[in-house]
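Chemist: Pasted the sequence and its predicted model underneath.
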Amino acid sequence: MTSTQAEIDESYSVSNDFFKLWLDEGMHYTSASFLTGEESLEEAQINKCRILYDYAEMNEDKLILDIGCGWGSNLEYLSTRGVKRAHGITLSTAQAEWINQRGLPGVTAKLMDFHDYEPEEKYDALVSIEMIDHICSPEQARKGMAVELYREYFKRCHSFVKPGAWFACQAILRDRVPRTRKDLEDLAFTADVIFPGGLNPRLEELIMAVRPYWEIVELRTQRECYGKTTGEWLRRLRANEATIRERWGDKVYVDYERYLDTCVRAFDAQWSSDVQLKLRWCAV
């Protein structure tokens with residue numbers, strides 16, 4: 001993984017209590033799926049989990065790995081919906097501790113680099129929600145390495161599973177490039193300060209990279225959903241401004257307000273999008 005543990009901790013370890021103030025009740029830090037437009041953020045996040053559960057062809061007899069499992073929001077959904085066992089890996093110290101302290105039935109989380117992970121048994125299915133933006137750095141992309149690195153990621157995922165497995169993958173996408181200096185600076189700030197070492201892939205890069213290990217069976221984009229998700233995060237952050245400034249300082253509030261405001265504009269202006277992929281294992 002391009003992003004180091006130190007960079008991941010910088011992104012996600014401000015404080016669990018800080019993120020609880022503006023994420024949904026389940027602590028999902030990825031795009032929700034607003035299917036009717038009338039859902040609450042909490043309901044739309046469950047929609048997202050249900051879509052990915054179905055994409056992974058899950059049931060109570062299957063063993064699944066969640067790659068980049070965050071605070072275990074999707075793992076919790078899996079444990080309540082029905083799986084044999086659910087494993088998660090993350091590079092965030094705070095997230096791994098949070099999950100394991102909760103004692104979710106059948107759920108285990110490890111503080112582990114994806115590239116170092118060696119499963120003790122093959123999985124029936126995989127899910128990964130917006131973790132792939134930590135695979136390729138901006139510098140590596142400029143050198144033309146993106147597709148190669150993403151293909152290596154999908155190859156390694158392929159090695160984790162039994163023949164015939166399914167992989168539900170969600171990814172933030174970069175698309176159009178803004179034209180004003182301020183917009184460019186705000187996007188650079190988000191990449192360099194909030195998520196150092198990371199880069200969102202382009203959709204065409206993922207489509208090239210899944211082969212020959214996986215077949216794309218279904219593809220669903222949800223740019224507007226992520227706009228609504230980040231808009232609600234921003235609203236909740238602003239509603240807790242006084243608390244955040246008092247407990248974590250002015251800089252934390254200012255940085256995250258700028259980051260979330262940039263995200264809202266990015267999805268609205270189509271600089272960014274989001275994709276959900278249903279992938280089927282291929283014999284190689």
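Modeler: Thanks, I have the structure now. Numbering: from 1, shown residues only.
Chemist: any low-confidence regions in the chain?
Modeler: The model of the chain has pLDDT under 70 over residues 1-13.
Chemist: Which residues are in contact with Lys162?
Modeler: Contacts for Lys162 (CB atoms under 8 Å, 6 or more residues apart in numbering) come out as 122-124, 281. Glycine gets a C-beta too; all of them are placed from N, C-alpha and C.
Chemist: got it, and Ala56?
Modeler: Counting by CB under 8 Å, 6+ apart, the residues that Ala56 touches are 64, 125-127, 166-168.
Chemist: And Leu219, by the same measure?
Modeler: 275-278 are the contacts of Leu219 under CB under 8 Å, 6+ apart.
Chemist: Closest one of the contacts of Ala56 to Trp248?
Modeler: Nearest to Trp248 among the contacts of Ala56, counting by CB to CB, is Val127 at 31.1 Å.
Chemist: is it true that the closest one touches Val161?
Modeler: No: Val127 is not in contact with Val161 according to CB atoms under 8 Å; the separation is 11.5 Å.
Chemist: Now for those two: what residues contact both?
Modeler: Contacts common to Val127 and Val161, judged by CB under 8 Å, 6+ apart, are Phe167.
Chemist: Tell me which of those two has more neighbours.
Modeler: Val127 (29 against 22; other CB atoms under 10 Å).
Chemist: and the more buried one, what are its phi and psi?
Modeler: When read as degrees, to the nearest 10, the backbone of Val127 gives phi -140, psi 140.
Chemist: Identify the bridge partners of it.
Modeler: In this entry, Val127 is beta-bridged to Asp66, Ala168, by DSSP bridges.
Chemist: list the contacts for it?
Modeler: 52, 55-56, 64-67, 74, 167-169 are the contacts of Val127 under CB under 8 Å, 6+ apart.
Chemist: What of Ala171?
Modeler: 130, 132-133, 200-201, 206, 274-275, 277.
Chemist: Try it again at 10 Å.
Modeler: 30-31, 128-133, 135, 150, 200-203, 205-206, 273-277 (CB atoms under 10 Å, 6 or more residues apart in numbering).
Chemist: what about the helices in this structure?
Modeler: Assigned by DSSP state H, the helices in the chain fall at 5-12, 16-20, 41-55, 73-81, 93-102, 138-142, 146-159, 181-189, 203-209, 223-239, 241-248, 250-268.
Chemist: out of those, nearest to Glu118?
Modeler: helix 146-159 (9.5 Å).
Chemist: Restricting to C-alpha, output the closest one in PDB.
Modeler: Provided in PDB are the C-alpha atoms of helix 146-159 (Å, rounded to 0.1, in the frame of the first residue of the first chain):
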ATOM      1  CA  ALA A 146      -1.500   3.700 -11.600                       C
ATOM      2  CA  VAL A 147      -3.000   0.800 -13.700                       C
ATOM      3  CA  GLU A 148       0.000  -1.500 -12.800                       C
ATOM      4  CA  LEU A 149      -0.500  -0.800  -9.100                       C
ATOM      5  CA  TYR A 150      -4.300  -1.300  -9.200                       C
ATOM      6  CA  ARG A 151      -3.800  -4.500 -11.100                       C
ATOM      7  CA  GLU A 152      -1.400  -5.800  -8.500                       C
ATOM      8  CA  TYR A 153      -4.100  -4.900  -5.900                       C
ATOM      9  CA  PHE A 154      -6.700  -6.900  -7.700                       C
ATOM     10  CA  LYS A 155      -4.300  -9.800  -8.200                       C
ATOM     11  CA  ARG A 156      -3.600  -9.900  -4.500                       C
ATOM     12  CA  CYS A 157      -7.300  -9.800  -3.700                       C
ATOM     13  CA  HIS A 158      -7.700 -12.700  -6.200                       C
ATOM     14  CA  SER A 159      -5.200 -14.800  -4.200                       C
END
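Chemist: elements contacting it?
Modeler: If contacts are counted by 3 or more CB pairs under 10 Å, 6 or more residues apart in numbering; DSSP states H and E, helix 146-159 sits against strand 63-67, strand 123-129, helix 138-142, strand 161-174, helix 203-209, strand 214-221, strand 272-281.
Chemist: for that helix, the distance to its chain's centre please.
Modeler: 17 Å (CA atoms, centre = their mean, to the nearest Å).
Chemist: cool, and stretch 35-43?
Modeler: Distance of stretch 35-43 from its chain centroid, counting by CA atoms, centre = their mean, is 19 Å.
Chemist: residues making contact with that stretch?
Modeler: The contact list for stretch 35-43 (CB under 10 Å, 6+ apart) reads 23-26, 28, 32-34, 44-48, 50-51, 222, 224-225, 228-229, 231-233, 235-236.
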